[in-house]
Each structure stands twice: as C-alpha cells, then as structure tokens.
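Enquirer: Here is my input, please return the structure:
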Amino acid sequence: MALWEVLAPRRILTVGKALRWVNNLGLVVLNTLLLRLLFPAAAVGMAAFAAAQGWGVLNYVELPLWLAVAIAVIALDFVIWLQHVMVHAIPVLWRLHRVHHADPDYDVTTGARFHPIEIIVSMLIKFATIAVLGPPVAAVIIFEVLLNATAMFNHGNVRLPAKVDRVLRWFVVTPDMHRVHHSVEDDETNSNFGFNLPWWDRLFGTYRDQPRGGHQGMTIGIRGYDQPRDVSWLPGLLLLPFRGRITGYVINRRQWSGADGTHE
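Expert: Residues are numbered from 1 along each chain as shown. Below is the predicted model of the structure:
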C-alpha cells in the first residue's frame, strides 16, 4: 500500500510524509510494546484458553469447522463495527478515538494510529467477545489477519477505478468508502463505520456513497484540530484525549462554538 501511495496518491498530503510516518508509526511501536507487555498471548491466546475451558457458544454446538470459522469471523467483524459506533457515541471513548480522526491526512499509517488506552479497551472488548462466542483458534487468526490487512487497505491514499470500486465495496470496505468517514463533516463522519465487511453500514443505515465535496475537495480530520503539535506530533497525540471538555462530541449531536470552528 505504501508503494502504491507513493506511485499514485489519491490526495496531496498536507503534512510531509516523513513527519507523518515517524510519528504515526512511533505510536504503533509504542502500542505494540504495550500490548506485548500487558497481553502477551493476545486474541489468539484468549481463543485457545476459551476452547480449553469450554467457554463460548460455539464450543457448545456441533458444527463443521468451516462453518464455525465463517460464523465466528462474521460475528467478530460485527462486534468491531459495533465497537466503532460506540467509540463515536460515548464522549469519553470519542476522546480516545479522536486521535485516529484528528489525522489531517489519510494514508496507510492512519489505519494504525490509535491512542494506547483505546488499544487496551479494544483488546479487552475482543477478549470478552471471544469468551462469549468461543470461536475456533483458526477463526481468530483469520480475523486478525483480515482486519489488519483491510484496515491498511481501506485507509490507503489510493484510487481504484470507479467500476472496480463500485463492485468491490459490496464485499470489502474500499479506500473511497472509508475516506468518507474521515471527513470533518458530522454526517459524513457518522457513516461508513466498517473496517472489513461493508454489510453492517448498509443494513443499519449508516452507509454513505461519496462525500459531498468529492474526494479531492473534502476536508479530512476534526474541525478545530489543526495545530501540527496536537495532531501530527507523537506527544500531542498522546495528550489529545485529555484536552477540551468532557461534554464534547456525541454521535449525531455535535456542537461547534463560534466561527473559528473551536471544538466543544
């Protein structure tokens, strides 16, 4: 994806690639170290533990392995979609998630740019889901590979031929589909929550085809968050959840104060 972005970028970046990559990937390294320290076995280890203990619905029913894997992968993807809606809807979680959305540009590193506390919360939700669902270990491995691969793909600063995009987005979230979600416009931000499968947004009415301003004209980021020290440099990203008022943003209810676009 990185080479594709260099050869044929969809949009011109507003921040230099070197600055973006050093700081966004610095956050990825920090999160990786934190996860290895706190959860060395991660989701796959949790799935093996749940299977050994007989936990979860799928450990109580007799199904062919292929069917259990398919059900588990789809169910895990639905939970990730619900989690994504939740972090937009609950103010304290939005404070964490805005580290992802405050990125003033949109490229492959955006897909891995999350605050460490959100990463920990996400892993705990995944552990709870695995304990309840009881997916086969193979399903969790497949899901993790798919989730990471598609997150990098659909955050890519790349362009697909329109006809290819139109067909592909019935099966997987495409870059143009997810870019709409990173708009500063509230109704566009509150759409296209999917990371992997595109079906949940279509089923629950949060699907949006294209941004009003077009992919070249739309503004990426969060209104009022435009200082490089806050949205591009690693120290600012780590402190971002603790800035501003707790009553900030709730899904479908966003307030802007004044013409300067200051975020409340």
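
Enquirer: C-alpha only now, for contacts and for neighbours.
Expert: Fine.

Enquirer: now the strands: where do they sit in the chain?
Expert: Assigned strands in the chain, in chain order: 256-257, 262-263 (criterion: DSSP state E).

Enquirer: so residue 127 touches residue 45, yeah?
Expert: No - if you go by CA atoms under 8 Å, residue 127 and residue 45 don't touch, sitting 9.6 Å apart.

Enquirer: what's near enough to touch residue 109?
Expert: By CA atoms under 8 Å, 6 or more residues apart in numbering, the contact list for residue 109 reads 20-21, 24-25, 152, 155.

Enquirer: quick revisit: can you flag the weakest of the strands of the chain by average pLDDT?
Expert: Among the strands of the chain, strand 262-263 carries the lowest mean pLDDT, at a mean of 45.

Enquirer: quick revisit: give me the more crowded residue out of residue 127 and residue 45.
Expert: Set residue 127 next to residue 45 and count neighbours by other CA atoms under 10 Å: residue 127 wins out with 19 against 15.

Enquirer: Which pLDDT value belongs to residue 172?
Expert: For residue 172, pLDDT reads 97.

Enquirer: swap in the one 3 residues further on?
Expert: We have a pLDDT of 97 for residue 175.

Enquirer: what about the closest residue to it other than its chain neighbours, neighbour count?
Expert: Using CA to CA, 6 or more residues apart in numbering and skipping the chain neighbours, the partner closest in space to residue 175 is residue 154 (3.9 Å). Counted with other CA under 10 Å, the neighbours of residue 154 add up to 26.

Enquirer: Who are the contact partners of residue 154?
Expert: 108, 111, 173-179, 195.

Enquirer: what do you get for residue 131?
Expert: Counted by CA under 8 Å, 6+ apart, residue 131 has contacts 46-47, 50, 55-56.

Enquirer: For these, please prepare JSON lines with the additional fields distance to residue 241, pLDDT and neighbour count.
Expert: As requested, the contacts of residue 131 are exported to JSON lines (distance: CA to CA, whole Å; pLDDT from 0 to 100; neighbours: other CA atoms under 10 Å):
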{"residue": "46", "distance to residue 241": "29", "pLDDT": "92", "neighbour count": "21"}
{"residue": "47", "distance to residue 241": "31", "pLDDT": "92", "neighbour count": "27"}
{"residue": "50", "distance to residue 241": "33", "pLDDT": "93", "neighbour count": "22"}
{"residue": "55", "distance to residue 241": "35", "pLDDT": "95", "neighbour count": "18"}
{"residue": "56", "distance to residue 241": "34", "pLDDT": "95", "neighbour count": "19"}
